[in-house]
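Novice: Structure of the sequence below:
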Amino acid sequence: MEVPPKSPDGSEKSPHSQELVPSHTGSTLCMSSRSESVWTSASRSKWDIYHKPVIVVSVGAAIFLLGTVITSLSCFLTHNKDVYKMSGPAFLSLGLMLLVCGLVWVPIIRKKQKQRQKSQFLQSLKSFFFNR
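Specialist: Got it, this is the predicted structure:
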């Protein structure tokens with residue numbers, strides 16, 4: 001006769017109770033999914049939503065200002081003038097590109113948030129009427 005294994009606290013479990021262990025597959029799927037906000041209904045803070053575009057805008061502005069400083073150095077300094085004239089506009093264009101990308105990203109996120117709110121409202125409305 002086979003003896004069921006004992007749990008760490010010393011209490012015995014029947015083989016039938018071992019089959020009733022709850023499955024965590026759904027929560028594992030939810031945690032490993034790429035868009036976790038679709039599965040969870042917890043509201044996110046403004047920083048959680050907008051932190052990436054804010055970082056891109058900040059880095060873009062810093063690089064743009066660095067490009068402005070380097071370009072202005074080519075006017076005041078006489079040695080290595082060619083280096084300043086070449087690298088200054090490169091930093092200016094890179095900073096401007098990041099700045100514009102970050103500024104365009106914000107309205108895209110706002111539009112996506114509105115669509116998500118409409119979608120959640122329609123899903124709750126649909127579940128209300130069809131699950132009766």
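Novice: which residues sit in contact with the nearest residue to Ser58 once chain neighbours are set aside?
Specialist: Nearest residue to Ser58 in three dimensions, chain neighbours excluded: Gly102, at 8.0 Å (Cβ to Cβ, 6 or more residues apart in numbering). Where C-beta positions appear, they are placed from N, C-alpha and C, glycine not excepted. For Gly102, the contact set (Cβ atoms under 8 Å, 6 or more residues apart in numbering) comprises 53-58, 60.
Novice: Let's see the PyMOL selection covering just the buried ones among those residues.
Specialist: What follows is the PyMOL syntax for the buried subset of those, where burial is set by 16 or more other Cβ atoms under 10 Å:
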select buried, resi 53+56+57+60
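Novice: I'd like the contacts of Gly102 written out as TSV, with pLDDT and distance to Gln120 added.
Specialist: TSV is the format used below for these (pLDDT from 0 to 100; distance: Cβ to Cβ, whole Å):
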residue	pLDDT	distance to Gln120
Pro53	95	23
Val54	95	25
Ile55	96	27
Val56	96	27
Val57	96	28
Ser58	97	31
Gly60	97	33
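Novice: quick one: which of the contacts of Gly102 is nearest Lys114?
Specialist: Nearest to Lys114 out of the contacts of Gly102 is Pro53 (Cβ to Cβ; 16.3 Å).
Novice: CSV for the contacts of Gly102, including secondary structure and distance to Met86?
Specialist: Shown next, in CSV, are the contacts of Gly102 (DSSP: H, G, I helix; E, B strand; the rest coil; distance: Cβ to Cβ, whole Å):
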residue, secondary structure, distance to Met86
Pro53, helix, 30
Val54, helix, 31
Ile55, helix, 28
Val56, helix, 25
Val57, helix, 26
Ser58, helix, 25
Gly60, helix, 20
